[in-house]
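In: One predicted model, sequence on top.
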Amino acid sequence: MSRFNQKVVVVTGAGSGMGAATAKAFVAEGAKVVLVGRTEDKLKQVAETLPAEKVLIAATDISDPHAVNALAAHVAQQWGEIDILVNNAGVVVQGLAHELGVEDWDKQMGTNLNGVFYMVRAFVPSIIKRKGNIVNISSVSGLGGDWGMSFYNASKGAITNFTRSLAMDYGRQGVRVNAVCPGMTKTDMTAGITDDPKALAKFKDRTPLERPGTAEDIAHAVLFLASDDASYITGVNLPVDGGISASNGQPRQA
């Protein structure tokens with residue numbers, strides 16, 4: 001397929017997991033992709049698997065607004081306007097609200113919420129010119145609560161509603177904004193659960209498809225929402241969770 005020929009895509013958190021899988025999927029369908037992440041070595045490892053003319057490495061801390069502005073200027077200089085922004089970068093801070101510190105809150109919000117805002121602010125003028133779109137990575141944790149993850153839930157819940165509001169604000173300018181809400185997905189970030197048979201069994205018991213997602217599962221959903229196949233879809237927070245969100249929360253009976 002070549003749904004993204006001549007398109008320029010920016011993917012944050014592109015050094016591993018869902019971001020890397022998404023970047024590779026876009027390139028496979030004809031796009032040029034800007035790989036954004038904190039760690040340049042990880043970005044280089046991803047870039048080495050792709051045609052050199054199709055990737056631009058941009059090591060950036062998206063929680064720093066000045067760094068994001070510099071990123072936007074660099075991309076404009078190298079490749080001009082962009083068509084698609086994928087806000088994938090994220091971190092997880094766990095613990096009870098009264099036991100965690102202000103620095104933990106700032107770390108969580110700095111990447112998961114502020115970083116998305118900074119990226120949107122920097123790139124949306126370009127996206128408007130190209131009549132492009134934005135795909136945010138929220139989470140099922142942005143649709144409901146988790147035990148011991150109130151900071152993460154707050155950050156992802158904000159992205160869920162930020163996505164809706166952006167879709168309303170920019171729709172008249174031809175820009176679509178959607179989000180993918182992954183459930184338990186096998187990545188480096190979740191290795192503590194997916195590599196632990198007992199912990200993974202608990203998730204499987206709650207998941208109708210009885211397996212964790214893969215980075216490629218998420219990438220496929222991102223590409224669908226970013227493509228012309230979804231040209232009349234905006235403001236959607238799409239669960240990609242193996243059916244977890246279909247449940248009302250009660251335990252399996254049989």
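Out: It's in.

In: switch to C-alpha atoms for all contacts and neighbour counts from now on
Out: Noted.

In: Check what pLDDT residue 254 gets.
Out: For residue 254, the model assigns a pLDDT of 62.

In: again with residue 67
Out: Note for residue 67: predicted pLDDT of 98.

In: Residue 205 now?
Out: pLDDT, residue 205: 89.

In: Now do the same contact list for it.
Out: Applying C-alpha atoms under 8 Å, 6 or more residues apart in numbering to residue 205 gives the contacts residue 252.

In: and it, which of the three is it?
Out: helix (DSSP: H, G, I helix; E, B strand; the rest coil).

In: how much space between it and residue 250?
Out: The gap separating residue 205 from residue 250 is 12 Å, by C-alpha to C-alpha, to the nearest Å.

In: Over to residue 88?
Out: 31 Å.

In: what about residue 35, is that helix, strand or coil?
Out: strand.

In: Counting neighbours, what do you get for it?
Out: 27 (other C-alpha atoms under 10 Å).

In: That one contacts residue 58, doesn't it?
Out: Yes: using C-alpha atoms under 8 Å, residue 35 is in contact with residue 58, at 5.9 Å.

In: all helices in the stretch 51-200 of the chain, in order from the N-terminus.
Out: Taking DSSP state H, counting those that start in this stretch, the helices of the stretch 51-200 of the chain run over residues 65-79, 102-109, 115-130, 150-170, 191-194, 197-206.

In: what pLDDT does residue 76 get?
Out: 98.

In: hmm, I was thinking of residue 191
Out: For residue 191, the predicted pLDDT is 73.

In: and it, how many neighbours?
Out: 12.

In: ok, now residue 227?
Out: Quick note: residue 227 (other C-alpha under 10 Å) scores 15 neighbours.

In: Could I get the contacting residues of it?
Out: 3, 4.

In: Repeat the analysis, applying 10 Å as the threshold.
Out: Contacts for residue 227 (C-alpha atoms under 10 Å, 6 or more residues apart in numbering) come out as 3, 4, 84, 132, 133, 221.

In: Likewise for residue 222?
Out: Counting by C-alpha under 10 Å, 6+ apart, residue 222 has contacts 18, 22, 25-26, 86, 134-137, 178-180, 216, 238.

In: buried set for the lowest-mean-pLDDT helix or strand in the chain?
Out: Every helix and strand of the chain was ranked by mean pLDDT, DSSP states H and E. The lowest is helix 191-194, at a mean of 78. By 16 or more other C-alpha atoms under 10 Å, the buried positions in helix 191-194 come out as 193, 194.

In: which among the contacts of residue 222 gets closest to residue 103?
Out: Nearest to residue 103, judged by C-alpha to C-alpha, of the contacts of residue 222 is residue 137 at 23.2 Å.

In: Just the pLDDT at the nearest residue to residue 184 once chain neighbours are set aside, thanks.
Out: Once flanking residues are discounted, residue 184 sits nearest to residue 212: 5.4 Å by C-alpha to C-alpha, 6 or more residues apart in numbering. Residue 212 carries a pLDDT score of 90 in this model.

In: so how far is stretch 191-205 off the chain centroid?
Out: With C-alpha atoms, centre = their mean, to the nearest Å as the basis, stretch 191-205 stands 22 Å off its chain's centre.

In: CA atoms only for that stretch - export them in CSV, please.
Out: The C-alpha trace of stretch 191-205 is given here as CSV (Å, rounded to 0.1, in the frame of the first residue of the first chain):
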residue,chain,number,x,y,z
ALA,A,191,7.8,-5.4,30.3
GLY,A,192,7.4,-5.7,34.0
ILE,A,193,3.9,-7.0,33.4
THR,A,194,4.0,-8.7,30.0
ASP,A,195,7.2,-10.7,31.1
ASP,A,196,5.6,-11.7,34.4
PRO,A,197,3.3,-14.7,33.8
LYS,A,198,1.2,-14.1,36.9
ALA,A,199,0.7,-10.4,36.2
LEU,A,200,0.0,-11.0,32.5
ALA,A,201,-2.6,-13.7,33.4
LYS,A,202,-4.6,-11.1,35.3
PHE,A,203,-4.8,-8.9,32.2
LYS,A,204,-5.6,-11.8,30.0
ASP,A,205,-8.5,-12.7,32.3
